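Q: All I have is the shape, not the residue letters:
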């Protein structure tokens, strides 16, 4: 999603939330200016550390679910938000991630994998959602120009 607040996109997201009522949502490429206060009815919004001028990622947790499970931010960067939920069967960590295009793609993907392993070993149950900028449907496609990076991710 490019520039969440532009051209009614915030309203479009709210309509989807109202219709589908998901418990947890990750939004990437939001381009929300730091000075904007994004509000979604019935959802608690978690922000990462911003880039210089904007937020590229948001994590939304439905308020009734958040009130029941007391979400706590355990880590945040401009490309990751990690939230711990206290559930009856123990902690559950929910993460929103966004791997940007760029010069250091392999290093960034490996860093995210390290973060997945770290949180999984610490908390056990882990749900990760977001945008790794990889097309998982092309794992066997020899013409996919990002196949080496995709294979690295799938290992």
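A: Yep, it's here. Just so we're clear, the structure is a prediction, and the values are computed from it rather than from any experiment.
Q: who's the residue sitting nearest the centre point of the chain bridged to?
A: Nearest residue to the geometric centre of the chain (CA atoms, centre = their mean): residue 96, 2.0 Å. Residue 96 forms beta bridges with residue 81, residue 129, as assigned by DSSP bridges.
Q: for this protein, what spans make up the helices?
A: 9-20, 63-69, 105-123, 147-154 (DSSP state H).
Q: Residue 27: which of the ones you listed is closest?
A: With CB to CB as the measure, helix 9-20 is the member of those nearest residue 27 (7.0 Å). (Glycine included, C-beta is placed from N, CA and C.)
Q: buried sites along that closest one?
A: Neighbour-count burial for helix 9-20, counted by 16 or more other CB atoms under 10 Å, picks out 9, 10, 13, 14, 17.
Q: Would you mind measuring from the second one to residue 63?
A: For residue 10, the distance to residue 63 equals 17 Å [CB to CB, to the nearest Å].
Q: shaky segments in the protein?
A: Within the chain, the segments meeting pLDDT under 70 span 1-7, 51, 103.
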